[in-house]
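Participant: next input, structure requested:
(2 chains)
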Amino acid sequence: MITDNDLPLIENRMKELASKNLPIVRKEVSKKEALDLFSGKGDQYKVELIGELEDGTISLYTQGGFTDLCRGPHLPSTEPIKAIKLLNVAGAYWRGNEKNKMLTRIYGVTYPRQKMLDDYLAFLEEARKRDHRRIGRDLELFTFSPKVGMGLPLWMPRGAELRQNLINFMTRVLKKRGYTMVATPHIGDVSLYKTSGHYEKYGKDSFQPMSTPQEGEQFMLKPMNCPHHCEIFNATPKSYKDLPLKMAEFGTVYRYEQSGELHGLTRVRSFTQDDAHHFCRPDQLKEEFKSIIDLVQFIFKAVNFSEFTAQISLRDPDDREKYIGSDENWEKAEKAIIEAASEKKLVTTVVPGEAAFYGPKLDFMVKDAIGRKWQLGTIQVDYNLPERFDLTYNGSDNQKHRPVMIHRAIFGSMERFIAVLIENTAGKFPLWLAPEKAVILPISEKFNDYAYKVLHFLNNSDICTLIDDRSEKIGKKIRDNELKRIPYLLIIGEKEAESGTVSVRKQGEGDKGSMKLDAFAEFITGEIKNEIAW
RNA sequence: GCCGAUGUAGCUCAGUUGGUCAGAGCAGCUGAUUUGUAAUCUGCAGGUCGGGGGUUCGAAUCCCUUCAUCGGCUCCA
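Facilitator: Prediction:
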């Protein structure tokens, strides 16, 4: 068994071999030769791989006394290998299938120069400081409690304020874009999810249904909002004039995740989606889809996520059993996504086999501090739920027609979005998102009266402000509040009290001079408007 | 769930081969100080060393087990 303790030994051996400047030689062999070679070595895994390769495409690489099966390419020799660091060891299922045996995989990096490796390791070190779990604790944004349960985040006051700022912003944007807000319960009858198909697909791997003591009704914790929204759609007759109908909810959902899957706020068992469903006519599908891409771009720009990637997830053509719905509808849905993305000039990668079981999707990913990609926004076309819930509208021909549904989330979930936001900003949130915009620092207790007047004035002006009236020296207060990443520090002493001003210090930038109190309030309000207006 | 690692006060960490080893700094509370742009001083309080079991005269230290966390794998409606 290999453990972390073995890594230095292996690393030294690698460096030793690299310094020998061994040539690495490629040789193409027949399938039979390859099979003979590796079965002779008793290498069952290589033999398995070779068995699936085409004769004539098999290449071997030899370095010193070691010969390996590999498609290549390889370095011409070990000469360029100058700097090696083995990072960790982890289990990995053979060929990525959890039904297979788990092998041991060693992760490492190498660079042609030691300086480049050092830079990378320094980057990893810096990235650890931006870990949202660490910042979340230091800035008192969120926490977890074993008593509440793993994977169930608790939003602390400052985190809840931040979260609410995002929700308020999104709500304003949605209303401007013609969405209507709804609200639905956290549980739903099992039959709801049987109708939707989720029970059959995920029922066994979910939190199990709870039942009422007298009636024996069966309820599930809501794992998604769409079935509830379908029932709202169904509650009143719909006309083609009502479409597209865009129904939005900040809906909290609960999903069972395996214990090893949980990860800070990015992978949790309870999370709040900024969920919405567009119910539209088939001919409106592409336009609706494009409008959502536009919304994603708008929101991501607002929070400075300039480096996102977009992925189109299609059905696995070799495994149609995994999916529900007709081939015809799948083809229509996939075509609509591809065309919409192309017409919006979105750079995408297409990945077969990654679709949801009911439809293809377009996902937007943003990286965390150490470069892991997380799915945030998602747009999914769905012909199935409208069938299953028998959703209809009256067309201009006075006939019943079936709408198409688009599921979409922009943030994805508040939890994951904020995690990525924290890692991308290192906790230095833009003013409009910051839990508190300013903190007042009186030089001494003598100025507390004026300081509290300032506090009340700002809070009454909808500028969330704190006061630090501890009997500490001003340098200490500045340090502590800088570390809390509060955007503006307002220093108040004799001069300010006499002139009705505040001395403004911007987080991370230092002294900005003094301003009249009302001018400061206007300035802050203006800054926030600038940040989220465009 | 699987593989590996980690788990000492709220946080960051010390604790030699098992034997006054339960400690420090920061945070907290006291008192003093009333301070002009990134750490004022004093005192106090805080931990059944993740939980449980075992080995031993004796366990934070060794073994087993369990829980949680971290890095991956798998999964992700």
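Participant: what about the strands in the stretch 301-450 of chain A?
Facilitator: Shown for the stretch 301-450 of chain A, the strands assigned by DSSP state E, counting those that start in this stretch span residues A:309-314, A:348-352, A:361-367, A:373-382, A:393-394, A:400-401, A:404-413, A:438-442.
Participant: which one of those lies closest to A:Gln208?
Facilitator: In terms of CB to CB, the element of the strands of the stretch 301-450 of chain A nearest to A:Gln208 is strand A:404-413, at 22.5 Å. For glycine as for every other residue, the C-beta is placed from the backbone atoms N, C-alpha and C.
Participant: and the closest one, which strands flank it?
Facilitator: Partner strands and pairing direction for strand A:404-413 (DSSP bridges) are strand A:270-280 (antiparallel), strand A:373-382 (antiparallel).
Participant: distance from the chain centre to the first one, please.
Facilitator: It stands for strand A:270-280. Strand A:270-280 sits 15 Å away from the centroid of its parent chain (CA atoms, centre = their mean, to the nearest Å).
Participant: who is whichever residue of the stretch 51-200 of chain A sits closest to RNA strand B paired with across the strands?
Facilitator: Residue nearest to RNA strand B within the stretch 51-200 of chain A: A:Gly91 (2.5 Å; CB to the nearest atom of the strand). Assessed by DSSP bridges, A:Gly91 has beta-bridge partners A:Thr104.
Participant: is it correct that it is in contact with A:Met102?
Facilitator: Yes: between A:Gly91 and A:Met102 a contact is recorded at 4.5 Å, counting by CB atoms under 8 Å.
Participant: just the helices from the stretch 401-534 of chain A, written as ranges.
Facilitator: For the stretch 401-534 of chain A, the helices defined by DSSP state H, counting those that start in this stretch cover A:414-425, A:448-460, A:474-483, A:494-499, A:517-533.
Participant: export those to a markdown table and tack on distance to A:Arg402?
Facilitator: Formatted as a markdown table, these follow (distance: least, CB to CB, whole Å):
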| stretch | distance to A:Arg402 |
| --- | --- |
| helix A:414-425 | 32 |
| helix A:448-460 | 52 |
| helix A:474-483 | 57 |
| helix A:494-499 | 67 |
| helix A:517-533 | 38 |
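Participant: let's have these in a markdown table, adding mean neighbour count, distance to A:Glu328 and mean pLDDT.
Facilitator: Formatted as a markdown table, the helices of the stretch 401-534 of chain A follow (neighbours: other CB atoms under 10 Å; distance: least, CB to CB, whole Å; pLDDT from 0 to 100):
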| stretch | mean neighbour count | distance to A:Glu328 | mean pLDDT |
| --- | --- | --- | --- |
| helix A:414-425 | 24 | 34 | 97 |
| helix A:448-460 | 17 | 59 | 97 |
| helix A:474-483 | 15 | 59 | 96 |
| helix A:494-499 | 14 | 72 | 96 |
| helix A:517-533 | 15 | 43 | 94 |
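Participant: quick one: low-confidence ranges for the stretch 301-450 of chain A?
Facilitator: Within the stretch 301-450 of chain A, not a single segment meets pLDDT under 70.
Participant: and the residue of it that's closest to RNA strand B?
Facilitator: Closest point on the stretch 301-450 of chain A to RNA strand B, by CB to the nearest atom of the strand, is A:Ser444, at 3.0 Å.
Participant: that residue: how many residues sit nearby?
Facilitator: 14 (other CB atoms under 10 Å).
Participant: list the contacts for it?
Facilitator: A:Ser444 is in contact with A:Ser471, A:Gly493, counting by CB atoms under 8 Å, 6 or more residues apart in numbering.
Participant: mind checking how far the residue of chain A most remote from its centre is from A:Asp449?
Facilitator: No residue in chain A sits farther from the centre than A:Glu498, which is 49.5 Å out by CA atoms, centre = their mean. Look at A:Glu498 and A:Asp449: by CB to CB, to the nearest Å, they are 13 Å apart.
Participant: just A:Tyr240 next, same as before
Facilitator: A:Tyr240 is 65 Å from A:Asp449, where distance means CB to CB.
Participant: show me what contacts A:Met405?
Facilitator: A:Met405 sits next to A:Cys226, A:Cys230, A:His277, A:His278, A:Phe279, A:Cys280, A:Val381, A:Asp382, A:Tyr383, A:Leu385, A:Pro386, A:Leu391 when contact means CB under 8 Å, 6+ apart.
Participant: give me the pLDDT value at the third one.
Facilitator: Read it as A:His277. A:His277 carries a pLDDT score of 98 in this model.
Participant: report the beta-bridge partner residues of it.
Facilitator: In beta-bridge terms (that is, DSSP bridges), A:His277 pairs with A:Met247, A:His407.
Participant: so it touches A:His407, yeah?
Facilitator: Yes: counting by CB under 8 Å, A:His407 is a contact partner of A:His277 at 5.8 Å.
Participant: now list whatever residues contact both of those two.
Facilitator: By CB under 8 Å, 6+ apart, A:His277 and A:His407 have these common neighbours: A:Cys226.
Participant: give me the more crowded residue out of these two.
Facilitator: Using other CB under 10 Å, the more surrounded residue of A:His277 and A:His407 is A:His277, with 27 against 24.
Participant: residues in contact with stretch A:92-105?
Facilitator: So stretch A:92-105 is contacted by A:Met1, A:Ile2, A:Tyr45, A:Val89, A:Ala90, A:Gly91 (CB under 8 Å, 6+ apart).
Participant: let me know the pLDDT of the closest residue in space to the first one that isn't next to it in sequence.
Facilitator: With CB to CB, 6 or more residues apart in numbering as the measure, A:Thr104 is the residue that lies nearest to A:Met1, at 7.5 Å, once sequence neighbours are left out. At A:Thr104, the predicted lDDT confidence score is 94.
Participant: for A:Thr104, the count of nearby residues, please.
Facilitator: When neighbours are counted by other CB under 10 Å, A:Thr104 registers 12.
Participant: cool, A:Val350 as well?
Facilitator: Neighbour count for A:Val350, taken as other CB under 10 Å: 14.
Participant: test my guess that it contacts A:Leu314.
Facilitator: Yes: between A:Val350 and A:Leu314 there is a contact under CB under 8 Å: 6.4 Å.
Participant: near RNA strand B, which residues of the stretch 301-450 of chain A show up?
Facilitator: Counting by CB under 7 Å from any atom of the strand, the positions of the stretch 301-450 of chain A adjacent to RNA strand B are A:Ala356, A:Phe357, A:Ile370, A:Arg372, A:Gln380, A:His407, A:Ile443, A:Ser444, A:Glu445, A:Lys446.
Participant: show the model's pLDDT score for the residue nearest to A:Ile524 when sequence neighbours are not counted.
Facilitator: Spatial nearest neighbour of A:Ile524, excluding adjacent residues (CB to CB, 6+ apart): A:Ile463 at 5.2 Å. Listed pLDDT for A:Ile463 reads 97.
Participant: tell me how many other residues crowd A:Ile463.
Facilitator: Counted with other CB under 10 Å, residues neighbouring A:Ile463 total 19.
Participant: A:Leu22 too?
Facilitator: Around A:Leu22 there are 16 residues (other CB under 10 Å).
Participant: wait, it sits on A:Gly64?
Facilitator: Yes: contact criterion CB under 8 Å: A:Leu22 and A:Gly64 qualify, at 4.9 Å.
Participant: let's see the helix ranked longest in chain A as CSV, backbone CA atoms only.
Facilitator: Selection of the longest helix in chain A by residue count, based on DSSP state H, yields helix A:157-176. C-alpha atoms of helix A:157-176 as CSV (Å, rounded to 0.1, in the frame of the first residue of the first chain):
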residue,chain,number,x,y,z
PRO,A,157,-25.8,37.3,10.2
ARG,A,158,-23.1,38.7,7.9
GLY,A,159,-23.5,35.8,5.4
ALA,A,160,-27.2,36.1,5.5
GLU,A,161,-26.9,39.8,4.7
LEU,A,162,-24.7,39.1,1.7
ARG,A,163,-27.0,36.3,0.5
GLN,A,164,-30.0,38.7,0.8
ASN,A,165,-28.2,41.4,-1.2
LEU,A,166,-27.8,38.9,-4.0
ILE,A,167,-31.4,37.8,-3.7
ASN,A,168,-32.7,41.4,-3.7
PHE,A,169,-30.6,42.2,-6.8
MET,A,170,-31.7,39.1,-8.7
THR,A,171,-35.3,39.7,-7.8
ARG,A,172,-35.2,43.3,-9.2
VAL,A,173,-33.5,42.0,-12.4
LEU,A,174,-36.1,39.2,-12.8
LYS,A,175,-39.0,41.5,-12.4
LYS,A,176,-37.6,43.9,-15.1
